[in-house]
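# next input, structure requested:
(one chain, ligands or ions: 1)
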Amino acid sequence: MARMVRDYLAEDGPTFSFEFFPPKSLDEDRLLWKTIRELEPLNPSFVSVTYGAGGSTRARTIEITEQIASDTTLLPVAHLTAVGHSVAELRSIAGGLAAAGVTNVLALRGDPPGDPEGEWVQHPEGVAYASDLVRLMRAHGDFCVGVAAFPNGHPRSVTLEDDTAQLVEKFRSGAEYAITNMFFIAEDYLRLRDRVTAAGCDAPIIAGLMPVTNIGMIRRSEQLTGAPFPAKLGARFAAVAHDPKSVRAMGIYETSKLAERLLEEGVPGVHFYTLNRSKATREVWANLALGARL
Ligand SMILES: Cc1cc2nc3c(=O)[nH]c(=O)nc-3n(C[C@H](O)[C@H](O)[C@H](O)COP(=O)(O)OP(=O)(O)OC[C@H]3O[C@@H](n4cnc5c(N)ncnc54)[C@H](O)[C@@H]3O)c2cc1C
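This is a model prediction of the structure:
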């Protein structure tokens, strides 16, 4: 029987995982497979593949997760969003994934296609929230389902308390773990964990980390999280912005330091946003001496 993310989380020690996105061209496809082959020897607990806002990359998510399941030693997690899908389509995708041996899914609501900051419109025959998709997947078969968590709150949440309540609702709907959006300060994660614990929930929350390797990624992270980049850290990057090598070195150092602190705090897992490249992730990995797990 295929292993599930839940099995890795139940074992002693934190999980380590990597995230990829579906390539849009042949060159990007080659780069992704090179990256997968370079990261495979690190023996991660699982790797996940994001689901696009629409179009052909959605089919690619399913193809790539299937290919990872059949051609590598890695455990794939397929992201799936509710955007633009009826319940019947979501069930059909679930059936296709299960038939291909992909039984680990990250269930997301997704953002409005075209304009991520636009108004979210539910498909007329679809579901409204990630918690509905969690219930749908759990009812469909033996899927191990994860969800998204937001250390600084989802940009649409009115209050952090409301945001926490909705995350807890996802766990109560059957999600077995969450992966956080990227964050850069350990306290942001720790406060989220405290809020969830205070709500009477002890589900594992995996920390999502993205090493800043160029100055443009700071702005990008703000677009992706909807949260401002921490001011003090931003000032340190700004001081070396004229020297790309120093920016990169600082990004690797800061991510290594953050991961180390989180591991000391007993985080159940660390998830790397790789942007389909392996070098920065391998460098942080080496700094953490994670090789001891191999
Ligand atoms: C680890 C991770 C991976 C991601 N992968 C992808 C991906 O592959 N593809 C992609 O398109 N996007 C992805 N995203 C982005 C995500 O889809 C967006 O952030 C989206 O806006 C929210 O998704 P969600 O699953 O958290 O939604 P939800 O949990 O449904 O929450 C969305 C908003 O609605 C609120 N809410 C939830 N339930 C209720 C309710 N019952 N009543 C009222 N309000 C409610 C929440 O508080 C929140 O403000 C990812 C995000 C993360 C952190």
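# so which helix or strand takes in the residue nearest the centre of the chain?
Centroid-nearest residue in the chain: residue 179, 5.2 Å away (criterion: Cα atoms, centre = their mean). Per DSSP states H and E, residue 179 falls inside strand 177-180.
# cool, residue 79 as well?
Here residue 79 sits within strand 76-81, counting by DSSP H and E.
# same question for residue 146.
Here residue 146, judged by DSSP H and E, is contained in strand 144-149.
# now that strand - C-alpha only, CSV.
Output in CSV follows, covering the C-alpha atoms of strand 144-149 (Å, rounded to 0.1, in the frame of the first residue of the first chain):
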residue,chain,number,x,y,z
CYS,A,144,-4.5,12.0,2.6
VAL,A,145,-5.5,15.6,2.3
GLY,A,146,-3.5,18.7,3.3
VAL,A,147,-4.5,22.4,3.2
ALA,A,148,-3.0,25.8,3.1
ALA,A,149,-2.3,27.9,6.2
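# near the ligand at all, the helix or strand following that strand?
Downstream of strand 144-149, the next assigned helix or strand under DSSP H and E is helix 160-172. Yes - contact of helix 160-172 with the ligand (Cβ under 6 Å from any ligand atom) involves 162, 163, 166, 170. (Glycine included, C-beta is placed from N, CA and C.)
# can you give me the helices for the stretch 151-294 of the chain?
Using DSSP state H, counting those that start in this stretch, the helices assigned to the stretch 151-294 of the chain run over residues 160-172, 186-198, 216-225, 231-239, 244-264, 279-287.
# may I see the ones you listed arranged in a markdown table, with mean neighbour count and mean pLDDT as well?
Output for the helices of the stretch 151-294 of the chain, formatted as a markdown table (neighbours: other Cβ atoms under 10 Å; pLDDT from 0 to 100):
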| stretch | mean neighbour count | mean pLDDT |
| --- | --- | --- |
| helix 160-172 | 19 | 97 |
| helix 186-198 | 17 | 98 |
| helix 216-225 | 15 | 92 |
| helix 231-239 | 12 | 97 |
| helix 244-264 | 17 | 97 |
| helix 279-287 | 19 | 95 |
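# where does the protein have low pLDDT?
Residue ranges of the chain with pLDDT under 70: 1, 290-294.
# try 80
For the chain, the stretches with pLDDT under 80 are 1-2, 12-13, 53-56, 114-117, 289-294.
# of all the residues in the stretch 101-250 of the chain, which ones are close to the ligand?
106, 108-111, 129-131, 148, 154, 156-157, 162-163, 166, 170, 179, 181, 208.
# what about the strand holding residue 79, near the ligand?
Yes - interface with the ligand: strand 76-81 contributes 79, 81 (Cβ under 6 Å from any ligand atom).
# take the helix or strand following that strand, keep the C-alpha atoms, and write them as CSV.
Using DSSP H and E, the next helix or strand after strand 76-81 towards the C-terminus is helix 87-99. Only the C-alpha atoms of helix 87-99 are listed here, as CSV (Å, rounded to 0.1, in the frame of the first residue of the first chain):
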residue,chain,number,x,y,z
VAL,A,87,-18.3,19.0,-8.2
ALA,A,88,-18.6,16.3,-10.9
GLU,A,89,-15.3,17.5,-12.5
LEU,A,90,-13.6,17.5,-9.1
ARG,A,91,-14.8,13.9,-8.5
SER,A,92,-13.6,12.9,-11.9
ILE,A,93,-10.1,14.4,-11.2
ALA,A,94,-10.0,12.6,-7.9
GLY,A,95,-10.8,9.3,-9.6
GLY,A,96,-8.1,9.9,-12.2
LEU,A,97,-5.5,10.7,-9.5
ALA,A,98,-6.4,7.6,-7.4
ALA,A,99,-6.3,5.4,-10.5
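# give the next helix or strand downstream of helix 87-99.
For helix 87-99, the following helix or strand on the C-terminal side (DSSP H and E) is strand 104-108.
# residue 134: what's it in contact with?
By Cβ atoms under 8 Å, 6 or more residues apart in numbering, residue 134 lies in contact with 107, 145, 147, 170, 173, 174, 175.
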